[in-house]
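> Model the following, please.
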Amino acid sequence: MKIENHGADERIWYSPQRGPFQVSGFGWFHTERIYRRLPAVPDVYIRPEVDALANCTSGGQIRFRTNSRSVSVRVCLTAGSSMYHMPPTGECGVDAYIGGPGHWRHAGTARFQAGQVEYESSIFDSGTSEARSFLLNMPLYQGVEEIWIGLEPGAEVWAPESYDSSKKVIVYGTSITQGGCASRPGMSYTNILSRRFHLEFINLGFSGNGKGESELAVLAAQISEPACLIIDYEGNAEGTESYRQTLPRYIETYRKVHPEVPIILISRIRHGAESFKPEILEGRLARKKFQMELIRELTEAGDQNLTFVDGSDLLGDDPEEATVDGVHPTDLGFKLMTDRLEPVLRQVIGDSASAAGR
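You can find the predicted model right below:
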């Protein structure tokens, strides 16, 4: 579907719901056609908080090729920006990359006023008309009711390059997984990884609510053709004892459907307050020990597709300098995390899904 807009700033507006545009990052989009990270009506119980957060479009991407000299977006959000520690461009914005698999480069970010629920913005402008590959990242912390892509009249649009594999990388976790607090959508660690691996990534990070419920494992297991499941929810665990209960159950539930899909378990990154609040450090170390022991026990019991990643190393030697508030990474923090996770993921998925490289 396209809508013509005649005026001084003439654009032809396209809905990405129609080809040749391709929407990815939503596990149920192919059947429900809505920008949502869980089913509209899940067949298992999920808490209202998780249900609301599922409307945030973190990980959602729109891909296409065009020779248009400019690209704009019209966005209708479910609400405006409201976070004190995250820029509106990350919470509610759209950013654009050009270049194609293995060569993506940032090309623009939507401009709008903080608190706006609807906005229209240019995200790419060039003086030359040539075929280019585009990747648009959708808002991390807000829902999208409608989004339209604006191209210059007469421009052609083609389907994007096919993924290297139909397999998907699924990431379950917390606010950090969801992208808090990247300055723009493309800088969340799952989105950075998606540019280094020419695969579809499904972001199931739920801010403050990644508590490892078995129902969320059931839903994650419904996503077809998984290349890998990454579990990164320790930061929302309600204490060490609660984590000891939920983590084995989450893995067991997923394994009932996908007994051989690789699973990567990431322990929590270091928090800035650990240097003066020893109880925070002690809790993290206790849970890290438990995770290592659990992976060893499950491996000895026959599960050969489990990998543990020590999150205490993900932000480097000065983790507090890579966060907004001692907890949530900045763009620098997310890049550091990605640099350390990329080789692990490459080793784990191996030949099951080829990678495009940087």
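> just how off-centre is stretch 301-315 within its chain?
Relative to its chain's centre, stretch 301-315 lies at 20 Å (C-alpha atoms, centre = their mean, to the nearest Å).
> what's the strand or helix carrying residue 96 in contact with?
Assigned by DSSP states H and E, residue 96 belongs to strand 95-98. Residues from elsewhere that reach strand 95-98 (C-beta atoms under 8 Å, 6 or more residues apart in numbering): 71, 89, 104-110, 123-124, 132-137, 184-186, 195. (Each C-beta comes from the backbone N, C-alpha and C, glycine too.)
> Given that strand, what are its sheet partners and their directions?
As defined by DSSP bridges, the strand partners of strand 95-98 come to strand 105-109 (antiparallel), strand 132-137 (antiparallel).
> what are the C-alpha coordinates of it, in CSV please?
Extracted as CSV, the C-alpha positions of strand 95-98 are listed here (Å, rounded to 0.1, in the frame of the first residue of the first chain):
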residue,chain,number,x,y,z
ASP,A,95,17.5,5.1,13.0
ALA,A,96,18.7,4.0,9.6
TYR,A,97,21.7,2.0,8.3
ILE,A,98,22.8,1.6,4.7
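> quick one: average pLDDT of it?
Averaging pLDDT along strand 95-98 yields 98.
> So, low pLDDT: which residues of the stretch 201-350 of the chain?
Low-confidence segments of the stretch 201-350 of the chain (pLDDT under 70): none present.
> mind listing the strands for it?
Counting by DSSP state E, counting those that start in this stretch, the stretch 201-350 of the chain has strands at residues 226-232, 263-266, 306-309.
> any chance of those strands in TSV, plus mean neighbour count and distance to residue 30?
Output for the strands of the stretch 201-350 of the chain, formatted as TSV (neighbours: other C-beta atoms under 10 Å; distance: least, C-beta to C-beta, whole Å):
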stretch	mean neighbour count	distance to residue 30
strand 226-232	25	15
strand 263-266	24	24
strand 306-309	19	29
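> Throw those into JSON lines and include distance to residue 277, thanks.
Shown next, in JSON lines, are these (distance: least, C-beta to C-beta, whole Å):
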{"stretch": "strand 226-232", "distance to residue 277": "22"}
{"stretch": "strand 263-266", "distance to residue 277": "22"}
{"stretch": "strand 306-309", "distance to residue 277": "24"}
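> show me what contacts the closest residue to residue 211 other than its chain neighbours?
Closest residue to residue 211 apart from its sequence neighbours, by C-beta to C-beta, 6 or more residues apart in numbering: residue 236 at 5.4 Å. By C-beta under 8 Å, 6+ apart, the contact list for residue 236 reads 173-175, 206, 208-212.
> where along the chain do the helices fall?
Assigned by DSSP state H, the chain shows helices spanning 29-32, 48-53, 88-91, 175-178, 189-196, 214-221, 240-257, 278-300, 331-349.
> Deepest-packed of these, please.
helix 175-178 (a mean of 27; mean count of other C-beta atoms under 10 Å).
> Now, of the contacts of strand 95-98, which are buried?
71, 89, 104, 106-110, 123-124, 132-137, 184-186, 195 (16 or more other C-beta atoms under 10 Å).
> what about the residue nearest to residue 211, distance to residue 166?
31 Å (C-beta to C-beta, to the nearest Å).
> There's contact between residue 308 and residue 293 in this structure, I believe.
No. In this structure residue 308 lies outside contact range of residue 293 using C-beta atoms under 8 Å: 9.9 Å.
> Make JSON lines out of the contacts of residue 236 and add distance to residue 56.
Shown next, in JSON lines, are the contacts of residue 236 (distance: C-beta to C-beta, whole Å):
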{"residue": "173", "distance to residue 56": "13"}
{"residue": "174", "distance to residue 56": "13"}
{"residue": "175", "distance to residue 56": "11"}
{"residue": "206", "distance to residue 56": "9"}
{"residue": "208", "distance to residue 56": "12"}
{"residue": "209", "distance to residue 56": "11"}
{"residue": "210", "distance to residue 56": "13"}
{"residue": "211", "distance to residue 56": "17"}
{"residue": "212", "distance to residue 56": "19"}
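> And the furthest pair within these?
175 and 212 (14.6 Å; C-beta to C-beta).
> which residues of the stretch 1-150 of the chain fall in strands?
Using DSSP E, counting those that start in this stretch, strands in the stretch 1-150 of the chain cover 2-5, 11-14, 22-24, 61-66, 70-77, 95-98, 105-109, 118-125, 132-137, 144-151.
> so which of those comes closest to residue 36?
Going by C-beta to C-beta, the one of those nearest residue 36 is strand 144-151, 9.3 Å.
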